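1. Sequence first, then the predicted structure, then my questions.
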Amino acid sequence: MTSQLLVVETSPRGNDSVSRQLTRRFVSDWQAAHPAGEVVHRDLADTDLPHIDAAWLAAYFTPQGRQTLEMKQTLRQSDILVAELLSADHFVIGTPVYNYNVPSTLKGWIDHIVRKGQTLGFDGKGLLEGKKATVLIASGGSYGEGSPIRERDIATLYLRLVLGVIGISDVTFVAGGGAKTVDMGEVTMDAFVRTMAPAIERAARV
Ligand SMILES: Cc1cc2nc3c(=O)[nH]c(=O)nc-3n(C[C@H](O)[C@H](O)[C@H](O)COP(=O)(O)O)c2cc1C
């Protein structure tokens, strides 16, 4: 069976983005380890995702058989994102930290993919068991072991929680803390990414 990797990108900074460089590295390592594998990209910087509004909720809480065509249309984008997730064996999320949490684009994606009956069972059990996730996080500050601001690492805590809710317990986090050194020109992008290459390679090899 061919394995499939779903790549979820978030940063709006294109080639200046540290998280995108980490993701690029991950994808290349994953392809080397899975030569027959298929890679699907979901770029949230280019995806115009609506906030959850009253129409979306009305559609969501109407049983499928009773949904109007308009309701089905309202849920279409969410259905597409859920389908991408369901067909992936491994998915990688590359994201910046904004204000101690994930950017609102990624939060928006999460609001669209946590779907009762599809990714979350009606009994509250996650339905994506058996899949793997890797999260590559770029942050200006460092939140690792021994950091005086460790308790502000809400992004990691939050993503671990949400992925667990939809049934994914096999999650590897690679923390690109101190990314501001790249923006400030103190460290080159290549050198920064190289320090994380072994952790990325390990995560991509599984
Ligand atoms: C709007 C904004 C908010 C940010 N908030 C934080 C923050 O709370 N903590 C932090 O460590 N870095 C913060 N940063 C720094 C980014 O996490 C850092 O620049 C990172 O490299 C961005 O990811 P990217 O390079 O993939 O775009 C913030 C940057 C921006 C633009």
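-> It's in. This structure is a prediction, so every number in the text was calculated from the model and none was measured.
2. Flag the shaky bits of the chain, pLDDT-wise.
-> Scanning the chain for pLDDT under 70 picks out the ranges 1.
3. and it, which of its residues are near the ligand?
-> Within reach of the ligand by CB under 6 Å from any ligand atom, the chain has these residues: 11, 13, 17-20, 96-100, 138-141, 179, 183. C-betas here are computed from N, CA, C, even on glycine.
4. run the last query once more with 5 Å
-> Selection of the chain residues close to the ligand by CB under 5 Å from any ligand atom yields 11, 13, 17-19, 96-100, 138-141, 179.
5. what sits against the residue nearest in space to the middle of the chain?
-> By CA atoms, centre = their mean, the mean C-alpha position of the chain lies nearest to Ile93, the distance being 3.0 Å. Applying CB atoms under 8 Å, 6 or more residues apart in numbering, one finds that Ile93 lies in contact with 8, 10, 106, 133-136, 159.
6. now it: how far from the ligand?
-> Distance of Ile93 to the ligand, given as CB to the nearest ligand atom, to the nearest Å: 12 Å.
7. now do Asp29
-> For Asp29 relative to the ligand (CB to the nearest ligand atom), the value is 18 Å.
8. close enough to count as contact, that residue and Glu201?
-> Yes - assessed by CB atoms under 8 Å, Asp29 is found in contact with Glu201 at 4.9 Å.
9. Now Leu159. Nearest residue, chain neighbours left out?
-> Residue nearest to Leu159 in three dimensions, not counting chain neighbours: Val135, with 5.5 Å by CB to CB, 6 or more residues apart in numbering.
10. Quick one: residues contacting that neighbour.
-> If you count contacts by CB under 8 Å, 6+ apart, Val135 has them with 92-93, 95, 156, 159, 163, 171-174.
11. what's the helix or strand for it?
-> Element membership for Val135 (DSSP states H and E) is strand 132-138.
12. Within the sheet, what are the partner strands of that strand, with directions?
-> strand 90-96 (parallel), strand 170-176 (parallel) (DSSP bridges).
13. helix or strand right after that strand?
-> Downstream of strand 132-138, the next assigned helix or strand under DSSP H and E is helix 154-165.
14. ok now that next one, how far from the chain's centre?
-> In terms of CA atoms, centre = their mean, to the nearest Å, the centre of helix 154-165 is set 10 Å apart from its chain centre.
15. got the angle between that helix and strand 170-176?
-> Put simply, helix 154-165 runs at 170 degrees to strand 170-176, going by axes from the mean of the first three to the mean of the last three CA atoms, to 10 degrees.
16. elements contacting helix 154-165?
-> Applying 3 or more CB pairs under 8 Å, 6 or more residues apart in numbering; DSSP states H and E, we find helix 154-165 packed against strand 132-138, strand 170-176.
17. May I see those strands organised as CSV, with distance to Thr68 added?
-> Formatted as CSV, the helices and strands packed on helix 154-165 follow (distance: least, CB to CB, whole Å):
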stretch, distance to Thr68
strand 132-138, 35
strand 170-176, 37
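18. Buried deepest among these, which one?
-> Across the helices and strands packed on helix 154-165, averaging neighbours per residue (mean count of other CB atoms under 10 Å) puts strand 132-138 on top, at a mean of 24.
19. Please consider this matter closed, and thank you.
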